[in-house]
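[1] Take this sequence and fold it.
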Amino acid sequence: MPTPSPSVPQVAPLTASQIAQFKRDGALVLPGVLDPDLCRRARDDMWETIAADLPRMKRDNPSTWGPITEEETAGLSARRPADGGEPLLSGKGHRLTIRNGAEELLLDLGPRALWPIAEQLLGKDTVVWPAGVDEFGYTTGPCLMDDGAMEGLSSHMRQKVENFREEATYATEELRLPKTGPVWMNGQGTRGLYCTLPNSPSPGPNWRGSHSDGPCYGRPRLQFAAYIDDLPPASGGFTVWPGSHTKIWENQWKAFHEHGLTHTGQREKMRAAGGYEYLPDPLFEQIKAHTDPVDSYGPAGTVVLWHTKILHIPGQNTSSDVIRQATIYGYLKTVDSLSDAMAMDNAGGDIWRDWSDEVRAIDEWS
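    Here you go, the predicted structure:
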């Protein structure tokens, strides 16, 4: 089936120097490249959702943007849809999440607008198209049912997880999910809006909570965070450790091949195969000790492109009158372009094996 042509304003492809920087650093900031009208509409929708579900927060009064209380968290959690997935709006402390990622507005604003870049970096006709919801309000797309996928279904679908396989098959299936489910797993939606409220607590000198997304195996390679409103420095922007993607990629594949360490299987021991720091990861500690983190910020419509394996964290929001509003999405390689066998094996360790010829041909140190 041919991929539809995006009908929204397109972001221009990257230059050779930008691709070189992306390969070298593992991240690239594109200031204000997304359509300002779509950003405005996304902000309006966000505040309409907040007005309906958390009305004590007033758009024109930053003094009401305080942290979400335990009572509010419990009340929002109780609104989980009957068909699984998460409540449209949920939150805890200084984090607020709106699961509207499969809506046409969010898809047009980010994944479809950045489609030329996705195909430029990953290869033309090799990327899963973000079609969004069908006439019944569900999304359907390919998902490699590995241990990370099983964990994602369990944590984001909750009472409906029994409808899915209980054990990883490490084979791709067409996964059907409700619109507030983990629609990023089948490539059909962003994660919605991830918001950090003002005056959020510091992660501490060791950047507690910094992590690398998911396992080294699978199909996600290229991700982005897009800001729908102006974001000043030190206001909760996506924070990365430049160059960490190559070290983490190599280390996690080595742990997987030599010791059988999977994404979810070694929580009680040392973490060496991906995901969050349940216990300190020696490599992460080394990276943090020798590399300064970089805060990303910019005007509404700013995009941060990032390699899936880069070490990152949502930064501390030190502002008193700014809410960090970002939508996050990861492009998936199609099954035709990356078989299950290849997705589960990279014995050669080439971090750019599954990227376009253009990317592979550019020297990151040029």
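[2] Return the set of residues that bridge with Ile328.
    Ala225 (DSSP bridges).
[3] I'd assumed Leu222 was in contact with it.
    No: in this structure, Ile328 is not within contact of Leu222 by CB atoms under 8 Å, at 11.9 Å. (Each C-beta comes from the backbone N, C-alpha and C, glycine too.)
[4] Next, work out how far apart Gly93 and Ala225 are.
    Taking CB to CB, to the nearest Å as the measure, Gly93 falls 20 Å from Ala225.
[5] which one of the two has more residues nearby?
    Higher neighbour count among Gly93 and Ala225: Ala225, with 26 against 14, using other CB atoms under 10 Å.
[6] so what's the more buried one up against?
    By CB atoms under 8 Å, 6 or more residues apart in numbering, Ala225 lies in contact with 238, 296, 303-304, 306, 326-328.
[7] Equivalent analysis for Ser320, please.
    Contacts of Ser320 were listed using CB under 8 Å, 6+ apart, and they are 62, 198-199.
[8] so how far is stretch 141-156 off the chain centroid?
    Distance of stretch 141-156 from its chain centroid, counting by CA atoms, centre = their mean, to the nearest Å, is 14 Å.
[9] buried set for it?
    With burial defined by 16 or more other CB atoms under 10 Å, the residues of stretch 141-156 counted as buried are 141-153, 156.
[10] So what touches that stretch?
    Stretch 141-156 is contacted by residues 85-86, 128, 131, 161, 164-175, 181-182, 185-188, 214-215, 217-219, 262-265, 274-275, 332, 334-335, 340, 343-344 when judged by CB under 8 Å, 6+ apart.
[11] Among those, name the buried ones.
    Among the contacts of stretch 141-156, those classed as buried by neighbour count (16+ other CB under 10 Å) are 85-86, 128, 131, 161, 164, 168, 170, 172, 175, 181-182, 185-188, 214-215, 217-219, 262-264, 274-275, 332, 334, 340, 343-344.
[12] sorry, back to before: make CSV out of the contacts of Ser320 and add pLDDT.
    Putting the contacts of Ser320 into CSV (pLDDT from 0 to 100) gives the following:
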residue, pLDDT
Pro62, 98
Pro198, 98
Asn199, 98
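[13] following whichever strand or helix holds Leu105, which helix or strand shows up next?
    Element membership for Leu105, per DSSP states H and E: helix 104-107. Remark: after helix 104-107, the chain's next helix or strand is helix 115-122, criterion DSSP H and E.
[14] Report the rounded mean pLDDT for that next one.
    Helix 115-122 carries an average pLDDT of 98.
[15] Following element in sequence after it, please.
    strand 138-144.
[16] residue boundaries of the helices in the stretch 1-150 of the chain?
    For the stretch 1-150 of the chain, the helices defined by DSSP state H, counting those that start in this stretch cover 16-25, 36-53, 70-77, 104-107, 115-122, 147-157.
[17] how about the second one as CSV, C-alpha atoms only?
    If I follow you right, that is helix 36-53. Output in CSV follows, covering the C-alpha atoms of helix 36-53 (Å, rounded to 0.1, in the frame of the first residue of the first chain):
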residue,chain,number,x,y,z
PRO,A,36,2.3,28.4,14.1
ASP,A,37,-1.4,28.0,13.6
LEU,A,38,-1.3,24.3,14.4
CYS,A,39,0.7,25.1,17.5
ARG,A,40,-1.9,27.6,18.5
ARG,A,41,-4.7,25.2,18.0
ALA,A,42,-2.9,22.5,20.0
ARG,A,43,-2.5,25.0,22.9
ASP,A,44,-6.2,25.9,22.7
ASP,A,45,-7.1,22.2,22.8
MET,A,46,-4.8,21.6,25.7
TRP,A,47,-6.4,24.3,27.8
GLU,A,48,-9.9,23.1,26.8
THR,A,49,-9.0,19.7,28.2
ILE,A,50,-7.6,21.2,31.4
ALA,A,51,-10.7,23.4,31.9
ALA,A,52,-12.8,20.3,31.6
ASP,A,53,-10.8,17.9,33.8
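[18] Counting by contacts, list what it packs against.
    If you count contacts as 3 or more CB pairs under 8 Å, 6 or more residues apart in numbering; DSSP states H and E, helix 36-53 packs onto strand 89-92, strand 95-98, helix 104-107, strand 193-196, strand 324-332.
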